[in-house]
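K.L.:
give the three-dimensional model of this entry:
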Amino acid sequence: VILIEFNPITYEKLLNEIKKTGVNIILLNRRRSAIWNYEAFKIIQKNNCKILNSSKILKSFQSEFEKYSELLPKKLDDLWGNNDFFESKFQFEGCSFWHVIKDTLLFSIKSRIPEFLEFIFISNYISTSLNITSILSLYENGELEKSILQSTKNQIPSVLLEHAYVEFIEENSRFDFTTMHTTFNDKIAVWGNKQKNYLTNFRKTNPNSIIVSGSPRHDVFFNTSQENLKINFTKKFLIIPSTIINATALIDTQIFLKYEELVKKTLNILKSFSNIEISVKLHPVKDSSNDFLRKIISNIDPKIKIFQDSSIVKHIRYSDAIIILDAQQLGPSTPFLESLILKKPIMFITVDDEIYPYDCATDGSCIYLRSKDDLEKPLFRLLNDKETIVKLIEYGQLHLSHFLSNPGSASKKLANALISLNSN
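P.N.:
Numbering: from 1, shown residues only. All right, here's what the predicted structure looks like:
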């Protein structure tokens, strides 16, 4: 089994379950090395994983690599000379913008030719020289993934594993391209029945191509005993603001202004409470919207702790209540799911005036509000009303059961599914 771009630390349980089946594991990582720290090294060693050595593979294709490295830039120059063709393709409302992007695009493609060639040769080697029984990936749109999946199409069974929690409904269905589930041509492993029902009912995906595995990376949440946390007189609020995603093509000045207003409103209310500690966990992605959030928060209170690269699980575990801020009405994300697993009371606040019919908006798993709503009383209840807290956690577990199958045993389920692919 070959795993593409998997972090051994995050997926340790999955590696262990695949190893138990007696199948060899090959890790192929180009964006970040599989052995990125000592802990990852120990996990790889423990599970006897093989690391695909791309440098060694490329040496056997050296002459072809050099040939195409010299040939392709010339071919591109010839192609780029067809101005009439490109001007007709790159236009908006009858106005061509080809001349604006022509040189930049050519430079970008030429500079990456060696990298693309590496992917092609590695993919051909995998499909022709290795006895691979199945391929597991988290993404389809990366260059490496596309190259391998295309070269092994109809030869080696492949599975695309859901990499993040999201609830798609008709109102936000135009963004489901981010999961790549609707375009993937082989098997899809989803976390729960809700995701399967969306794909089969709304996107008409063949149910036989869907594996309801659960989330392997969250098995550890269920297999680790909860620590006895120290009782403090100071209550801890953790705010988790979403990033503003460019891919939605819905960004404008109003989004930023409304989001700034929501952040300020939430923080100022919290600061009026006594005996509380506020911290903020930003998404680890390097994005300008995180800088935007940092500036707002620091201007309100520079003493508020802002975290970005540290583990979100640790921050959720040691918090008394979670507040999730939604900038673009994209709905709850993975931190919402992880807060439910760790049985934390949640408030979800969207900047939009409209409430979309997400399950969490009506099933009692969180306090779901709009930025224009009164926030002070609900925030106070979130922290101090025991009945509210108990009900949120209770309904949260019910919500979890619909979106997360095989809690604690998803790795085993997926490992067995991968092995069975070769026997079908």
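K.L.:
what about Ile210, neighbour count?
P.N.:
For Ile210, the count of nearby residues is 19 (other Cβ atoms under 10 Å). Every C-beta, even on glycine, is put in place using the N, C-alpha and C of the backbone.
K.L.:
residue contacts, it?
P.N.:
By Cβ atoms under 8 Å, 6 or more residues apart in numbering, Ile210 lies in contact with Lys187, Ile188, Ala189, Val190, Lys196, Leu199, Thr200.
K.L.:
which of these lies closest to Thr104?
P.N.:
Comparing the contacts of Ile210 against Thr104 with Cβ to Cβ places Ile188 closest, at 35.6 Å.
K.L.:
give me the low-pLDDT residue ranges for the protein?
P.N.:
Low-confidence segments of the chain, defined by pLDDT under 70, are located at 174-184, 224-233, 247-250, 422-424.
K.L.:
from Glu118, how far off is the residue sitting nearest the centre point of it?
P.N.:
Centroid check for the chain by Cα atoms, centre = their mean gives Ala164 as the closest residue, at 4.2 Å. As judged by Cβ to Cβ, to the nearest Å, Ala164 and Glu118 stand 28 Å apart.
K.L.:
Asp84 now?
P.N.:
To Glu118, Asp84 is 33 Å away according to Cβ to Cβ.
K.L.:
looking at those two, which is more packed in?
P.N.:
For the pair Asp84 and Glu118, the greater number of neighbours falls to Glu118 (20 against 9), based on other Cβ under 10 Å.
K.L.:
so the more buried one touches Lys59, yeah?
P.N.:
No. Glu118 is not in contact with Lys59 according to Cβ atoms under 8 Å; the separation is 11.7 Å.
K.L.:
what's stretch 291-302 in contact with?
P.N.:
By Cβ under 8 Å, 6+ apart, stretch 291-302 touches 241, 244, 256, 260, 263-264, 267-268, 271, 278, 280, 282, 304, 306.
K.L.:
same question, stretch 137-157
P.N.:
Residues outside stretch 137-157 that contact it (Cβ under 8 Å, 6+ apart): 3-6, 28, 30-31, 115-116, 119-120, 122-124, 126-127, 132-135, 158-161, 163, 180, 183-187, 421-422.
K.L.:
among those residues, which lie within strands?
P.N.:
Within the contacts of stretch 137-157, residues falling in strands by DSSP state E are Leu3, Ile4, Leu28, Ile135, Ser158, Val159, Leu160, Leu161, Lys187.
K.L.:
could I get these as CSV with distance to Ile341 and neighbour count?
P.N.:
Listed next are the ones in strands among the contacts of stretch 137-157 as CSV, based on distance: Cβ to Cβ, whole Å; neighbours: other Cβ atoms under 10 Å:
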residue, distance to Ile341, neighbour count
Leu3, 24, 25
Ile4, 26, 23
Leu28, 30, 23
Ile135, 28, 26
Ser158, 28, 25
Val159, 23, 21
Leu160, 23, 26
Leu161, 18, 25
Lys187, 25, 20
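K.L.:
tell me which two of those residues sit farthest apart.
P.N.:
Across the ones in strands among the contacts of stretch 137-157, the longest distance by Cβ to Cβ is 18.6 Å; it joins Leu28 and Lys187.
K.L.:
thinking again about what came up before, what distance do you get for the residue nearest to the centre of the chain to Glu12?
P.N.:
Taken as Cβ to Cβ, the span from Ala164 to Glu12 is 19 Å.
K.L.:
which strand or helix spans Leu238?
P.N.:
In the assignment (DSSP states H and E), Leu238 maps to strand 235-241.
K.L.:
likewise Ile324?
P.N.:
Using DSSP H and E, Ile324 falls within strand 321-326.
K.L.:
do His315 as well
P.N.:
Using DSSP H and E, the element containing His315 is helix 312-317.
K.L.:
so how far is that helix from its chain's centroid?
P.N.:
Centroid separation between helix 312-317 and its chain, computed with Cα atoms, centre = their mean, to the nearest Å, is 17 Å.
K.L.:
buried residues of that helix, list them for me.
P.N.:
For helix 312-317, the neighbour count (16 or more other Cβ atoms under 10 Å) marks Ile312, Val313, His315, Ile316, Arg317 as buried.
K.L.:
how about stretch 410-421?
P.N.:
Applying 16+ other Cβ under 10 Å to stretch 410-421 flags Ala410, Ser411, Lys412, Lys413, Leu414, Ala415, Ala417, Leu418, Ile419, Leu421 as buried.
K.L.:
now those residues as CSV including secondary structure?
P.N.:
Formatted as CSV, the buried residues of stretch 410-421 follow (DSSP: H, G, I helix; E, B strand; the rest coil):
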residue, secondary structure
Ala410, helix
Ser411, helix
Lys412, helix
Lys413, helix
Leu414, helix
Ala415, helix
Ala417, helix
Leu418, helix
Ile419, helix
Leu421, helix
